[in-house]
Structures are given as C-alpha cells and as structure tokens.
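In: here are the coordinates; sequence isn't available:
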C-alpha cells in the first residue's frame, strides 16, 4: 500500500468506536453501583454491576454511537475495496496481463 491513510483512518475509527462502547459500560456500571450504594446496599458486588452494565450498554451503544459505527464501517469498506483492487492487480501481473485500472 503506497499510502497508509486508509489504514490509519480505519484504526482511528474502530478504536474510537470501541473506546466509546467501553466508556459507556464503565459509566453504566458506575451508575448501577452508585445507585446501589445510595439505596443502602453497601455490599453490592462490583462484578454484578459490571455484568448488568454490559447487558444494558450493548443495545444502548448501538443507538448512541450510530454515527461512530457508520464511520468505522465506511472506513472498513474503503480499506477492503483498496485491498481487493490491489489483489486484482497483483493477480493480473502474475498472469502476465495488464493490471485492471492501469
């Protein structure tokens, strides 16, 4: 790949989406745990709060982070298209033909 820009964009978009989902889980877990503390349940297990947070954050993140998800998906599509074209050109050169698009 002559230019690393699509790959860099892909990494940034996917990491941003994954980080946003993880932060959402942490916020929901903190809210559940804090809510339990406020209600007087002082021995509420943090693992239980985390498991409930994961269950709640899965569908919630789909709606909240739809723009991030669409951007990551678009970056993946651009990267895949570029790989497909590079592979076609390589296969054409290996067959001794003129590469498509040249």
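Out: Happy to help now that I have it. Note that this is a predicted model, so its numbers are computed, not measured.
In: and the average pLDDT for stretch 20-30 is what?
Out: Throughout stretch 20-30, pLDDT has a mean value of 97.
In: flag every buried residue along it.
Out: The neighbour-count check on stretch 20-30 (16 or more other C-beta atoms under 10 Å) flags 21, 24-25, 28-29 as buried. (C-beta placed from N, C-alpha, C; glycine too.)
In: any chance of those residues in CSV, with distance to residue 5 too?
Out: Listed next are the buried residues of stretch 20-30 as CSV, based on distance: C-beta to C-beta, whole Å:
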residue, distance to residue 5
21, 25
24, 29
25, 31
28, 35
29, 36
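In: would you map the helices across this protein?
Out: 5-38, 46-64, 66-95 (DSSP state H).
In: any weak-confidence spans in the chain?
Out: 1-4, 99-102 (pLDDT under 70).
In: which one in it is furthest away from the centre?
Out: For the chain, the largest distance from the centre (C-alpha atoms, centre = their mean) belongs to residue 96, which lies 39.5 Å off.
In: that older thread, now, which of the buried residues of stretch 20-30 sits nearest residue 56?
Out: residue 28 (5.3 Å; C-beta to C-beta).
In: who's in contact with the residue nearest to that closest one when sequence neighbours are not counted?
Out: Using C-beta to C-beta, 6 or more residues apart in numbering and skipping the chain neighbours, the partner closest in space to residue 28 is residue 53 (3.9 Å). Counting by C-beta atoms under 8 Å, 6 or more residues apart in numbering, residue 53 touches 25-26, 28-29, 31-32.
In: 10 Å - rerun?
Out: 24-33, 60 (C-beta atoms under 10 Å, 6 or more residues apart in numbering).
In: same check, this time on residue 45
Out: Contacts of residue 45 by C-beta under 10 Å, 6+ apart are 33, 36, 51.
In: quick one, phi psi at it?
Out: phi -70, psi 130 (degrees, to the nearest 10).
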